[in-house]
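*Asks:* Mind folding the following:
(chains A and B)
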Amino acid sequence: MTRCRTPLHLFNTLSRSREEFHPIAPPKVRLYACGPTVYGRAHIGNFRTFLFVDLLRRVLRLFGFEPESVMNYTDVDDKTIAAAEAASLPLRELTRRYIELFEEDLQTLHILLPDRRPKATDHIGLMIALIEELLRKGHAYVGEDGSVYFRIGSFPDYGKLAHLDRGGLQPGARIAQDEYLKESVGDFALWKAWKAEDGEVGWASPWGRGRPGWHVECSAMSMHYLGEEFDIHCGGTDLIFPHHENEIAQSRCATGKSFAHFWLHCSHMLVDGEKMSKSLGNVYSVADILAQGYTGRHLRFLLLTAAHYRQTLNFTWEGLAAAKAAVGRIDDWLVRWRSLPPERFAAASSEGEEFLTRFCASLADDLNLSDALGHFFEFLRATNRSIDLGAPLPDLPEIWCALDSVLGLGEPDDTVPPHLQELLSRRAAARQRRDWKESDSLRAAIKQEGWSVRDTAQGQELRRR
RNA sequence: GGCGGGGUAGCCAAGUGGUAAGGCCGGGCUCUGCAAAAGCCCUAUGCGUGGGUUCAAUUCCCACCCCCGCCUCCA
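*Replies:* Numbering: from 1, shown residues only, chains lettered A, B, ... in the order given. You can find the predicted model right below:
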């Protein structure tokens, strides 16, 4: 659905500025997002980033583009190996389980499944080929232990994305002891030689048994599925350095091409003003949110709208309650106009067109959803007013379709359980007799179940609360 | 130390050189048997602090104070 014709502007980390977005081969947009490392349940901070990628894809569609998206699963690294060992499971089995949980959570949050979701372990051959190319061109070298390292000194642009000076890369506390094998501290592993801790995990390579380094998987898979040059590469801000910096170095050195044209990064989240950490006990999963009586739609709305994607978002339960209330208001509006006869929706309405124009203009400004939502709520109030007055309405079904193609809220979950249906009919009977006392006590009973009942000209209406 | 992000009403948040969108919460009114929903009205002479530029600054400049992130494998 192409509803937006304005030029789309996106903030490119490469230039640190907003740029007008033009894909390489319109209307196709080839997009790569760094996916999760599947060693445990993903937390809501992870999902903020995936929600951002989802928003981007949805906006691209609304602007007439045809995004083709790829998101990888990192299913082999120190953490996955350690987790498999701890669970006494084969690596493959452990990662399969967490991928399953992750995809369930995506569904809960109405995140569109990326078109392709390649696993690192299914593409070892591609990675080996890429490493061989880098070796051939002198951008990599084999260490004494059979590990292969990328030589950052061979790539003059190293550090451009992160705005880091190569000379400023000093050995830090986190440098492992085996790092003396490298020519320079900034050099990073393309291939890691097998160690005892790796157990069963390992693949044969020209340099002996081992496994790929982290960065190389994204280079290999993104270029394999999207080409040596593609449109957008995104992920969380933390990935700018070193992950994306290293991806750029590997990919450009291997191919001589420019790799991704746009780099988009989503800022991190805090919980109650503090960084999420296991010790603070503030690392929440989607399941934790659902357990508190919220739905995926509430969390989606909060994570998407509480702050612009390049702004730190502070998660609080109070904020989630506010998001729930806002979603409830949208739902009420939705249910309200949907009950109206079709002739109430005027075919031509400048009101509707004006709203969509504003909505698009906001999104075109680097996905300014807060601003876009401001327009939406003004529109919502205006249409509610029209309904009150019995005035003609814009083509709400069509406008909502465009709107929700971005918001992704979908339908409220208001299927009435049978036992409530029973209370409802008893209440209807009581109301017939004008037995207000009975009517009110039944309303209280229904409220106990987490629903609210309202009396309209058409009879009773139930809403989940 | 280097690089970067931020401080706007009770909470969240957009934004602009010309006098502060929107959401949540709260209050009043209309409607209702009562509610709910909806609508209307109210809720920052003010945008971290102090200077400066300007006819005019929250928006530009300077200084200062706070908060946060990254700087080798964390979305």
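
*Asks:* domain ranges for chain A?
*Replies:* Under automatic domain parsing, the residue ranges defining each domain of chain A are A:9-266, A:271-407, A:418-464.

*Asks:* between the ones you listed, which gets nearest to RNA strand B?
*Replies:* With respect to RNA strand B, and counting by C-beta to the nearest atom of the strand, the nearest of those is domain A:9-266 at 1.6 Å. Quick note: C-beta positions are derived from backbone N, CA and C, even for glycine.

*Asks:* end-to-end on that closest one?
*Replies:* 16 Å (C-alpha to C-alpha, to the nearest Å).

*Asks:* Off-centre distance for that domain?
*Replies:* 16 Å (C-alpha atoms, centre = their mean, to the nearest Å).

*Asks:* Likewise for stretch A:384-397?
*Replies:* 34 Å.

*Asks:* May I have the distance across it, first residue to last?
*Replies:* Length of stretch A:384-397, first residue to last, C-alpha to C-alpha: 14 Å.

*Asks:* related to what we said a few turns ago, tell me the most buried of the domains of chain A?
*Replies:* domain A:9-266 (a mean of 19; mean count of other C-beta atoms under 10 Å).

*Asks:* For stretch A:55-69, give the mean pLDDT please.
*Replies:* For stretch A:55-69, the mean per-residue pLDDT is 98.

*Asks:* now what about that stretch, what contacts it?
*Replies:* A:1-6, A:8, A:23, A:26-33, A:53, A:112, A:114-116, A:226, A:232, A:234, A:264, A:304, A:309, A:360, A:363-364, A:367, A:369, A:402, A:405-406, A:408 (C-beta atoms under 8 Å, 6 or more residues apart in numbering).

*Asks:* Check stretch A:102-110 too.
*Replies:* Against stretch A:102-110 from outside (C-beta under 8 Å, 6+ apart): A:36, A:38, A:42, A:47, A:50-51, A:54, A:113, A:285-287, A:290, A:296-297, A:299-300, A:303, A:408-410.

*Asks:* same for RNA strand B: which of those residues are within range?
*Replies:* For RNA strand B, the contacts drawn from the contacts of stretch A:102-110 by C-beta under 7 Å from any atom of the strand are A:Pro36.

*Asks:* distance of the most centrally placed residue in chain A from A:Gly235?
*Replies:* Central residue of chain A (C-alpha atoms, centre = their mean): A:Phe50, 1.4 Å from the mean position. Noted for A:Phe50: a distance of 10 Å to A:Gly235, by C-beta to C-beta, to the nearest Å.

*Asks:* which residues are common contacts for those two?
*Replies:* Common neighbours of A:Phe50 and A:Gly235 (C-beta under 8 Å, 6+ apart) are A:Ala33.

*Asks:* tell me the strands in the stretch 101-250 of chain A, going along the chain?
*Replies:* Assigned by DSSP state E, counting those that start in this stretch, the stretch 101-250 of chain A shows strands spanning A:140-142, A:148-150, A:188-193, A:210-212, A:229-236.

*Asks:* I'd like these laid out as JSON lines, including distance to A:Leu101 and mean pLDDT.
*Replies:* Formatted as JSON lines, the strands of the stretch 101-250 of chain A follow (distance: least, C-beta to C-beta, whole Å; pLDDT from 0 to 100):
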{"stretch": "strand A:140-142", "distance to A:Leu101": "36", "mean pLDDT": "95"}
{"stretch": "strand A:148-150", "distance to A:Leu101": "33", "mean pLDDT": "95"}
{"stretch": "strand A:188-193", "distance to A:Leu101": "27", "mean pLDDT": "95"}
{"stretch": "strand A:210-212", "distance to A:Leu101": "24", "mean pLDDT": "96"}
{"stretch": "strand A:229-236", "distance to A:Leu101": "19", "mean pLDDT": "96"}
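
*Asks:* With distance to A:Thr415 as new columns, can those strands be given to me in TSV?
*Replies:* Formatted as TSV, those follow (distance: least, C-beta to C-beta, whole Å):
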stretch	distance to A:Thr415
strand A:140-142	58
strand A:148-150	55
strand A:188-193	51
strand A:210-212	47
strand A:229-236	36
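
*Asks:* In its sheet, which strands sit next to the lowest-mean-pLDDT helix or strand in chain A, and in what direction?
*Replies:* Every helix and strand of chain A was ranked by mean pLDDT, DSSP states H and E. The lowest is strand A:274-275, at a mean of 87. Within its sheet, and counting by DSSP bridges, strand A:274-275 is paired with strand A:269-271 (antiparallel).

*Asks:* Quick check, A:Lys137 in contact with A:Cys253.
*Replies:* Yes: the criterion here is C-beta atoms under 8 Å, and A:Lys137 meets it with A:Cys253 at 6.4 Å.

*Asks:* Ramachandran coordinates for A:Ala287?
*Replies:* Main-chain dihedrals, A:Ala287, degrees, to the nearest 10: phi -60, psi -40.

*Asks:* ugh, wrong one, I meant A:His375
*Replies:* The phi/psi pair for A:His375 (degrees, to the nearest 10) is phi -60, psi -40.

*Asks:* cool, and the one 4 residues further on?
*Replies:* Main-chain torsions, A:Phe379, degrees, to the nearest 10: phi -70, psi -40.

*Asks:* List the contacts of it.
*Replies:* So A:Phe379 contacts A:Glu351, A:Phe355 (C-beta under 8 Å, 6+ apart).

*Asks:* From the contact counts, what lies against the helix or strand hosting A:Ser362?
*Replies:* Secondary structure from DSSP states H and E places A:Ser362 in helix A:350-364. For helix A:350-364, the elements it packs on are helix A:44-62, helix A:369-389, helix A:396-407, judged by 3 or more C-beta pairs under 8 Å, 6 or more residues apart in numbering; DSSP states H and E.

*Asks:* just how off-centre is it within its chain?
*Replies:* 24 Å.

*Asks:* by how many degrees do that helix and helix A:396-407 diverge?
*Replies:* 10 degrees (axes from the mean of the first three to the mean of the last three C-alpha atoms, to 10 degrees).

*Asks:* before we move on, the earlier item: for the residue nearest to the centre of chain A, give me the pLDDT.
*Replies:* pLDDT, read off for A:Phe50, is 97.

*Asks:* Ok, A:Asp435 next?
*Replies:* pLDDT, read off for A:Asp435, is 94.

*Asks:* A:Pro392 reaches A:Arg344, doesn't it?
*Replies:* Yes: the pair A:Pro392 / A:Arg344 is scored as a contact, 7.0 Å apart, by C-beta under 8 Å.

*Asks:* Just give the closest residue to A:Asp272, not the sequence neighbours.
*Replies:* Spatial nearest neighbour of A:Asp272, chain neighbours left out: A:Thr316 (5.8 Å); criterion: C-beta to C-beta, 6 or more residues apart in numbering.
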